[in-house]
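[1] need a structure here:
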Amino acid sequence: MPMDVDTIASLQPFKLVALTNDPDAAMHDARQSLAPTTADLVRGHFWYEYMPPAMNKSSGLRWVATHLGIDMAECVAFGDNSNDFEMLRDAGYGVAMHNARDDVKAVAAKVWCVRVYACTCSDVGCRCLE
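    Predicted structure coming up:
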């Protein structure tokens with residue numbers, strides 16, 4: 001059952017992802033209806049993500065680390081896009097993929113410079129950390 005923007009906003013979601021053929025128009029329309037504190041994080045060719053400013057992958061990693069009794073300095077994170085920026089910056093060891101945005105590469109401890117086509121993520125992570 002489709003919901004209008006006001007109904008969705010009243011649910012106070014942690015994250016909204018809009019799939020559309022026109023992400024610029026969708027972003028404009030959503031900004032007219034959503035709270036001004038809503039932060040737009042990532043825009044793709046057919047989608048746009050919105051999250052509250054204090055909610056990001058870093059805050060999620062910090063929550064998990066705290067609940068496991070692990071310091072952020074002991075955490076390793078991998079990413080490539082602007083929604084990974086804070087996580088790579090705040091983790092003890094942030095690894096940006098070879099195709100990452102330049103600003104993401106700038107905050108990472110290491111840039112993984114090898115294109116991987118036939119490996120699992122765990123293979124990539126292990127080789128990267130060697």
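[2] contacts, neighbours, all on C-alpha from now
    Fine.
[3] for this structure, what spans make up the helices?
    Listed from the start of the chain, the chain has helices (DSSP state H) covering 5-10, 23-33, 57-68, 85-90, 102-107, 121-129.
[4] Show me what Met51 bridges to in the sheet.
    Listed by DSSP bridges, the beta-bridge partners for Met51 are Ala39.
[5] measure the residue nearest the centre of the chain to Tyr93 for me?
    Averaging the C-alpha coordinates of the chain gives a centre point, and the residue nearest to it by CA atoms, centre = their mean is Asn83 (2.7 Å). In this structure, Asn83 and Tyr93 are separated by 17 Å, where distance is defined by CA to CA, to the nearest Å.
[6] picking up where we left off before, of all the helices of the chain, which one is nearest Cys113?
    With CA to CA as the criterion, Cys113 lies closest to helix 121-129 of these, at 9.3 Å.
[7] Might you list the low-confidence residue ranges for this structure?
    Counting by pLDDT under 70, the low-confidence segments of the chain come to 1-3, 5, 9, 34-44, 114-130.
[8] Centre of the chain to stretch 58-78, how far?
    If you compare the mean C-alpha spot of stretch 58-78 with that of the full chain, they lie 15 Å apart, counting by CA atoms, centre = their mean, to the nearest Å.
[9] contact partners of that stretch?
    For stretch 58-78, contacts defined as CA atoms under 8 Å, 6 or more residues apart in numbering pick out 84, 86-88, 90-97.
[10] again with stretch 98-110
    For stretch 98-110, the external contacting residues (CA under 8 Å, 6+ apart) are 79-82, 84-85, 88-89, 93-97, 111-115.
[11] how about 10 Å then?
    Residues outside stretch 98-110 that contact it (CA atoms under 10 Å, 6 or more residues apart in numbering): 76-97, 111-116, 128-129.
[12] Which of these are buried, as a PyMOL select command?
    PyMOL command restricting those to the buried ones, with burial defined by 16 or more other CA atoms under 10 Å:
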select buried, resi 76+77+78+79+80+81+82+83+84+85+86+87+88+89+90+91+92+93+94+95+96+97+111+112
